[in-house]
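Student: structure here, sequence nowhere to be found:
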């Protein structure tokens, strides 16, 4: 029986979607934006138990359960040092708790991804529920004990061509050096790094001043002055490029960009180091640094990824007890037209610069983002991510941006995940959404079938490879 997940119910569109999906399904996976720990592949150790693989690191899952009263510690999410929050260590207990609450995930992408991972990766087709929890746990655990389910073997099985991880400028990149020594990393390698400087740029980041001092130590420059700080960032970018990086990643709260006089930027920097910076100072400094990073990108070729719009650590209790990136962030409205104007005025028409722009504010797709990407050579639209990378969200993205931006001002799909085993599932869902959308255009006589086939191949593979400067297509 054909797998028609996400395809239209009408025979004609469904048949066209099947044909188009077959084109995309045959192509390797390009993963230019994600958060898999590179040590997973460098060390190539067997995965831990199913719960620690599929539940504990997935904040999509843990935040839903928290919303219904299950504290993260009961799901094995580590507590910060000094917290008295109890943390479950028995994977089977965590798994049973997920199964008992599986009804909470009805209709969510988390359930879709998880069930497709069970079936597609582990060949487990039994529906998850309380009475089947142990059987499924045992079946997945048995698979994880096999050599074919070690990380590098699965990487090959998934058809991943390039996987980008994300590291801070303070990272010594030793893990990526090991990957390169094993033939897996370095420029053109299968696993590459991404330059993510938020912890040394955002004055509101915990420990920012100490991070800036550490940046100077790592780079061998004096970061007590603004010029030395910029030199340190350039040097670390050089090290990241040498380790295979082709892009940087900037997770600012807003899309504000500002071009400040050098003396004013230096004064802001000093206020931050002395602990006197206000919230407004921090915002202005972040905004100015995006202009600085654009200049650096023109020099060193790193593609800028900008994804504003998250109010980080909105759930302060969750942040206090379990730290960052555990599901406590909330989207907010974002202004791109005015926020990005200084950057685009300066460099938006410069063909040397590439900016891939993401959003959590879906309302801006038609009004702001698609017209901007359709009007500036340097700007591309990143895929819906985080709260929006759902089948319906991905479909709405195509429906709202194609009129103004077309397909070729978009940058392909990004999985944005720490859950390694969900990568092929997430890409397949995105490819199915694009197949279904293109099938509609073909059925309506708006696009010939041969062009639709060429387009889906571009969306799935050629565009992200070219835009993120991965290989000869760049």
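Tutor: Structure's in. What do you need? Keep in mind it's a predicted model, so treat the numbers as computed, not measured.
Student: just the strands in the stretch 51-200 of the chain please.
Tutor: 160-164, 191-192 (DSSP state E, counting those that start in this stretch).
Student: hey, which of these is tucked in deepest?
Tutor: Greatest average neighbour count among those goes to strand 191-192 (a mean of 27), per mean count of other C-beta atoms under 10 Å. For the C-beta atoms, the positions are set from N, CA and C on the backbone; glycine is no exception.
Student: and it, what does it pack onto?
Tutor: strand 160-164, helix 174-181 (3 or more C-beta pairs under 8 Å, 6 or more residues apart in numbering; DSSP states H and E).
Student: list the pairing partners of that strand within its sheet, with orientation.
Tutor: strand 160-164 (parallel) (DSSP bridges).
Student: count of neighbours near residue 359?
Tutor: Neighbourhood size, residue 359 [other C-beta atoms under 10 Å]: 25.
Student: A helix includes it, no?
Tutor: No - checked against DSSP: H, G, I helix; E, B strand; the rest coil, residue 359 lies outside a helix; its state is coil.
Student: ok, now how distant is it from residue 290?
Tutor: 15 Å (C-beta to C-beta, to the nearest Å).
Student: before we move on, what about residue 87?
Tutor: 38 Å.
Student: which one of these two has more residues nearby?
Tutor: residue 290 (25 against 16).
Student: centroid residue for the chain?
Tutor: residue 416 (2.4 Å; C-alpha atoms, centre = their mean).
Student: any idea which of the helices and strands packed on strand 191-192 gets closest to residue 192?
Tutor: When the helices and strands packed on strand 191-192 are compared by C-beta to C-beta, strand 160-164 sits nearest residue 192, at 5.2 Å.
Student: quick one: least confident helix or strand in this protein?
Tutor: In the chain, no helix or strand scores lower on mean pLDDT, DSSP states H and E than helix 316-322, which sits at a mean of 86.
Student: just name whatever secondary elements the helix or strand just after that one is in contact with.
Tutor: Counting by DSSP states H and E, the next helix or strand C-terminal to helix 316-322 is strand 330-331. Strand 330-331 is packed against strand 310-311, with contacts defined by 3+ C-beta pairs under 8 Å, 6+ apart.
Student: what does the strand it packs on contact?
Tutor: The contact list for strand 310-311 (C-beta atoms under 8 Å, 6 or more residues apart in numbering) reads 251, 253, 329-332, 360, 386.
Student: from those, which is closest to residue 74?
Tutor: Scanning the contacts of strand 310-311 for proximity to residue 74, where the rule is C-beta to C-beta, the winner is residue 329, at 20.9 Å.
Student: and the gap between the closest one and residue 6?
Tutor: Distance, residue 329 to residue 6, by C-beta to C-beta: 27 Å.
Student: low-confidence bits of the stretch 201-350 of the chain, can you list those?
Tutor: Nowhere does the stretch 201-350 of the chain drop to pLDDT under 70.
Student: can you map out the helices along it?
Tutor: Counting by DSSP state H, counting those that start in this stretch, the stretch 201-350 of the chain has these helices, from start to end: 208-219, 226-242, 262-273, 279-300, 316-322, 341-347.
Student: good, we can wrap up now.
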